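A.B. asks: mind looking at a prediction? Sequence and model below.
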There are 2 protein chains.
Amino acid sequence: MKLKRVVIAGIGFGGLSAARTLAGKRLDVVMVDRHNYHLFQPLLYQVATAGLEQESIAYPVRALARNWKNTKFRLCEVTGADFKEKLLLTDSGAIEYDYLVFAAGSRTNFFGNSSVERHAFDLKQMSDSEALRNHVLTVFEKASLVSDNNERSKLLTFVIVGGGPTGVEFAGALRELIIYVLSRDYPEISMSETRIILIEASSAILTAMPEMLRNYALKRLQGMGIEVMLNTPVTGADENSVTLGDGKVIATKTLFWSAGVAASELAGKIGVSQGPGGRVKVLPDLSIEGLPDVFVAGDMACVIQDGRPLPMMAPVASQQGKYVADAILARERGEKTEPFRYIDKGSMATIGRSSAVATTHGFSFSGYLAWLAWLLLHLYYLIGFRNRILVMMNWAYYYFFYERQVRLITDTRKETVKGADKV
Amino acid sequence: MKLKRVVIAGIGFGGLSAARTLAGKRLDVVMVDRHNYHLFQPLLYQVATAGLEQESIAYPVRALARNWKNTKFRLCEVTGADFKEKLLLTDSGAIEYDYLVFAAGSRTNFFGNSSVERHAFDLKQMSDSEALRNHVLTVFEKASLVSDNNERSKLLTFVIVGGGPTGVEFAGALRELIIYVLSRDYPEISMSETRIILIEASSAILTAMPEMLRNYALKRLQGMGIEVMLNTPVTGADENSVTLGDGKVIATKTLFWSAGVAASELAGKIGVSQGPGGRVKVLPDLSIEGLPDVFVAGDMACVIQDGRPLPMMAPVASQQGKYVADAILARERGEKTEPFRYIDKGSMATIGRSSAVATTHGFSFSGYLAWLAWLLLHLYYLIGFRNRILVMMNWAYYYFFYERQVRLITDTRKETVKGADKV
């Protein structure tokens, strides 16, 4: 008997959790992604701040597939879907499905501000983190050669927009990179010449956290020498500056944007109804209205719970991926499924050495304990024994020796590499 | 009193060994390189075969400089020299010197064959190894989607030109990657469809080794399923094939070239006399005739010893770097220097698991013992405690679990990354 086929488009947290649940369950599972690895996005900021090798937060999908029965991988770009013929369309041909799971995640939302989009760094892809690390180290190299004070100041000013976990974690990690590591690398530069400015449009950072933790985080950041500007929208950017809502201009060569996310472009290519942020509207069982065999999981899905859309974060995606897999299995057994409901186990953000904030089941933690919990949970959710060891080793090395060794400016002009166009 | 300044152009094995010797010796040392790291080139082939992260074989030059007294680093591209004014010219301005050491290494020599140059991969830069790894994994992904036998065979045929240590080591590592790792990753592909062809123009591989070891290596390679073609020149290449001297054509998407090296382009930009391979002609003390304050060390220098030019390899470069530094120190003390003489401590090449060849002081080893010696020596010469641990861990992991986890196809279109043009 031919097995029914589930095609999963996107192997982030949602797709991975769906695939893991479906593996070996008398279904043919096809995982599709444009990268051949699952990327642990929450640690991208540590790659960008020279703390981790990019390889240590990626895991080859085929290494998963080969241990999972009836599970295959296909490297390709999804271009659309033909729901009538039950085909997922890709740049390497169509793939038949019986069930289809969209889990293509999200991209950075620049809210239509094209000058910001053109000039800002963000952190979604592995290559983003390498590009940002290269950039940070390159501005230090340039500054070490420049004597003009304005130029130096522009090179050594870092503007971070968005006071969510990514903005806060990147700001803290960048500050520590500068004061503990780069200060010793660049005797030509006084660390008092460097500025990190964290800009948030609303009145608080980490708005998803209880007020006590927001205040703790704000004080910690300020205590580390980071300038935090609240109630400050960013309206534009060019090569040498960032413009604020009140017309003020900050001279800088570095704008990092983490002020918003929107659903993957794919959401707009499949001809279905989209909600805020371009996310696909779904029924309570995460299927698309009129398409009972097509599900959406993770950032791509717009799920309203208790009157608010669920946040675009890894735990939501993981729970949805598992739910969708279970819903498919239930359907196969001829059973009904309860509507999806996200169980909030809490959230956390790390600020710096021995310093983090965490909230779970109504309890709030900050400081060393929260930091330790952050470390352990992130290690736990990383995939692969080897990656865990590698990351742990990097963290221990940094913790004890105040040293981040991946401060390499790697060649970014890869397109000139010979043979690159051969395949 | 102002210290006299030694400028070292290039921080490969030659430049590094010169800098290390000069550090803290009452001289101002300026290290110059176009990369901000020292690269351990002998292990590039392991990055290309998914065995090591590229970061683990690179070490930031500033991490060295900050521990060495009076030693600075400057990231820039050397464009030439003004010997009259005693200036090293770079893309970020001129640098005054009292002593100048050229140690810019070598590049791949395609012997003027432009079709090969256009289509071949080589291994000199860090980005080369990443590009080659991406390519190898990509042809497997493509082959898994293709049913046409000719196309599959073209994708799964790997042509390696050059039977020196790099060609032999890459061939062995690629073969093991395929049979131990990719065979489990790609159930769609039978490993009997893959071909690795090692092509050598002369009548033997590893010509620098004693005959016994050459024979051992040849048998081992053949035993692993690698086709070795001796006395076979390569005359051309295009996107889909490699042409041999006798007119035969091999259909392939992968040509790896390690059949020759030539001095860095810099050797031709400084207006001095060049020998074979573009290497700079030097006096017995490694200075340039008529320029007693300018030295050349490593692959860039053409040193004839016992009637033959010294090979372009790390031990020669290291000994020359140290010699040049000592010669400068002697000059400063008003002492004379003996002519440079390379002390050959032997050479080695690894073929595969528990299998290598090594020769030292007239003794030849092969098999497990040579392999163990190879491992230990390479670990010893790697820079940085952390890199050693990382590499050792990767090797152990592969040895025990037959697993190479860095089989990631990383994004090579980095030029599209936002902000990349900002600095």
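C.D. replies: Thanks, I have the structure now.

A.B. asks: ranges for the helices of the stretch 251-400 of chain A?
C.D. replies: Secondary structure of the stretch 251-400 of chain A by DSSP state H, counting those that start in this stretch: the helices cover A:314-332, A:368-381, A:385-401.

A.B. asks: among those, which is nearest chain B?
C.D. replies: helix A:385-401 (5.3 Å; CB to the nearest CB). Every C-beta, even on glycine, is put in place using the N, C-alpha and C of the backbone.

A.B. asks: is any part of the closest one close to chain B?
C.D. replies: Yes - for helix A:385-401 and chain B, the contact criterion (CB under 8 Å from any CB of the partner chain) is met by A:Arg386, A:Asn387, A:Ile389, A:Leu390, A:Met393, A:Tyr397.

A.B. asks: and whichever residue of the stretch 151-300 of chain A sits closest to chain B, how many neighbours does it have?
C.D. replies: Residue of the stretch 151-300 of chain A nearest chain B, by CB to the nearest CB: A:Asp185 (4.1 Å). For A:Asp185, the neighbour count with other CB atoms under 10 Å in any protein chain shown is 23.

A.B. asks: so who does it touch?
C.D. replies: Shown in contact with A:Asp185 (CB atoms under 8 Å, 6 or more residues apart in numbering or on different chains): A:Phe140, A:Arg407, B:Pro60, B:Arg62, B:Ala63, B:Ala65, B:Arg66.

A.B. asks: tell me the one of those residues nearest A:Gln222?
C.D. replies: Nearest to A:Gln222 among the contacts of A:Asp185 is A:Phe140, at 23.3 Å by CB to CB.

A.B. asks: that closest one and B:Thr360, how far apart?
C.D. replies: Separation of A:Phe140 from B:Thr360 (CB to CB, to the nearest Å): 43 Å.

A.B. asks: looking at the two, which is more packed in?
C.D. replies: A:Phe140 (24 against 14).

A.B. asks: is the strand or helix carrying the more buried one anywhere near chain B?
C.D. replies: In the assignment (DSSP states H and E), A:Phe140 maps to helix A:126-143. Yes - residues of helix A:126-143 contacting chain B under CB under 8 Å from any CB: A:Met126, A:Ser127, A:Asp128, A:Glu130, A:Ala131, A:His135, A:Leu137, A:Thr138, A:Val139, A:Glu141, A:Lys142.

A.B. asks: dump the residue contacts of the spatially closest residue to A:Val391 that is not a sequence neighbour.
C.D. replies: Distance criterion CB to CB, 6 or more residues apart in numbering or on different chains; nearest residue to A:Val391, sequence neighbours excluded, is A:Ser56 at 5.3 Å. If a contact means CB under 8 Å, 6+ apart, then A:Ser56 has A:Asn387, A:Leu390, A:Val391, A:Asn394, B:Glu53 as its contacts.

A.B. asks: and the pLDDT for A:Ser56?
C.D. replies: Predicted confidence (pLDDT) for A:Ser56: 94.

A.B. asks: next, it: secondary structure please.
C.D. replies: Following DSSP: H, G, I helix; E, B strand; the rest coil, the label given to A:Ser56 is helix.

A.B. asks: what's the separation between it and A:His35?
C.D. replies: The gap separating A:Ser56 from A:His35 is 16 Å, by CB to CB.

A.B. asks: do the same with A:Ile270
C.D. replies: Distance of A:Ile270 to A:His35, given as CB to CB: 20 Å.

A.B. asks: the two: who's more crowded?
C.D. replies: A:Ile270 (24 against 20).

A.B. asks: pretty sure the more buried one sits against A:Ala81.
C.D. replies: Yes - assessed by CB atoms under 8 Å, A:Ile270 is found in contact with A:Ala81 at 4.8 Å.

A.B. asks: list the residues that contact the nearest residue to A:Leu100 once chain neighbours are set aside.
C.D. replies: Leaving aside its chain neighbours, A:Leu100 sits nearest to A:Val294 (4.7 Å; criterion: CB to CB, 6+ apart). Taking CB under 8 Å, 6+ apart, we find A:Val294 in contact with A:Ala81, A:Phe83, A:Tyr99, A:Leu100, A:Val101, A:Phe102, A:Ser287, A:Ile288.

A.B. asks: okay if I get those as JSON lines plus secondary structure, pLDDT and neighbour count?
C.D. replies: Formatted as JSON lines, the contacts of A:Val294 follow (DSSP: H, G, I helix; E, B strand; the rest coil; pLDDT from 0 to 100; neighbours: other CB atoms under 10 Å in any protein chain shown):
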{"residue": "A:Ala81", "secondary structure": "strand", "pLDDT": "98", "neighbour count": "26"}
{"residue": "A:Phe83", "secondary structure": "coil", "pLDDT": "98", "neighbour count": "18"}
{"residue": "A:Tyr99", "secondary structure": "strand", "pLDDT": "98", "neighbour count": "25"}
{"residue": "A:Leu100", "secondary structure": "strand", "pLDDT": "98", "neighbour count": "27"}
{"residue": "A:Val101", "secondary structure": "strand", "pLDDT": "98", "neighbour count": "35"}
{"residue": "A:Phe102", "secondary structure": "strand", "pLDDT": "98", "neighbour count": "32"}
{"residue": "A:Ser287", "secondary structure": "strand", "pLDDT": "98", "neighbour count": "22"}
{"residue": "A:Ile288", "secondary structure": "strand", "pLDDT": "98", "neighbour count": "21"}
